[in-house]
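S.K.: Requesting a structural model of the entry that follows:
(one chain, ligands or ions: 1)
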Amino acid sequence: MSKKIISIASDHAGYRLKEQLKELLQEDNYEIIDRGAFGYDSVDYPDYAERVCKDVLEEIVDFGILICGTGIGMSIAANKIKGIRAALCFCPELARLARTHNNSNVLVLPGRFIAPEFAKMIVDTFSEAEFEGGRHERRLQKISKLEKSGDENDKGCLQP
Ligand code: RB5
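M.R.: Numbers count the residues shown, from 1 in each chain. All right, here's what the predicted structure looks like:
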């Protein structure tokens, strides 16, 4: 099986898990692009969400991983970026569904709540699962329409 390429980033609260997970992934069949943070100094998670999402949208990686304390801030930030479908997953089954139903391209992990080995299981599941298409494709198209409704010159579905 060919190597999966992942762009990964965290804030200070996700830093420990990022480092531990990175090691486990590198021992396995993954190539990692680390976009920071590079220590425990306090940083702002949206800056790191942006870096990973850029890699995902430029298609230089197979998918992205973002880690903050809860995973919530990273999820909110990443999902503001058009084309990003970030999913906060705290168990493998959620990761499977995030791929098969939502075609998620960014996996978000709660750094303060899960152990590295469990996080690795979540990543493996996310990596192996494939989008099912069909009815889920229609729903993703509706999400893209919602994204367009945020554009200044396109009120989309929010048009009165
Ligand atoms: C940082 O203290 C924390 O707020 C952040 O990592 C994250 O959990 C935000 O959602």
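
S.K.: Now for the nearest residue to Pro92 once chain neighbours are set aside: which residues touch it?
M.R.: Among residues not flanking Pro92 along the chain, Thr125 sits closest, at 4.0 Å (C-beta to C-beta, 6 or more residues apart in numbering). C-beta: built from backbone N, CA, C; applies to glycine. For Thr125, the contacting residues are 92-93, 95-96, by C-beta atoms under 8 Å, 6 or more residues apart in numbering.

S.K.: Check Arg51 too.
M.R.: Counting by C-beta under 8 Å, 6+ apart, Arg51 has contacts 7, 9, 35-36.

S.K.: ditto for Asp62
M.R.: So Asp62 contacts 4-6, 127 (C-beta under 8 Å, 6+ apart).

S.K.: How much space separates it from the ligand?
M.R.: 25 Å (C-beta to the nearest ligand atom, to the nearest Å).

S.K.: picking up where we left off before, out of the contacts of Asp62, which end up buried?
M.R.: Among the contacts of Asp62, those classed as buried by 16 or more other C-beta atoms under 10 Å are 4, 6, 127.

S.K.: wait, the first one sits on Glu31?
M.R.: What it means is Lys4. Yes: at 7.2 Å, Lys4 and Glu31 qualify as touching, with contact defined as C-beta atoms under 8 Å.

S.K.: Now do the strand or helix carrying Ile65, average pLDDT.
M.R.: Here Ile65 sits within strand 63-68, counting by DSSP states H and E. Averaged across strand 63-68, the pLDDT comes to 98.

S.K.: Walk me through which strands it pairs with, and which way each runs.
M.R.: Partners of strand 63-68 in the sheet, by DSSP bridges, are strand 4-10 (parallel), strand 106-110 (parallel).

S.K.: In a markdown table: these, plus mean pLDDT.
M.R.: Shown next, in a markdown table, are these (pLDDT from 0 to 100):
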| stretch | mean pLDDT |
| --- | --- |
| strand 4-10 | 98 |
| strand 106-110 | 99 |
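
S.K.: Quick one: which of the contacts of Arg51 is the most crowded by neighbours?
M.R.: Ala9 (28 neighbours; other C-beta atoms under 10 Å).
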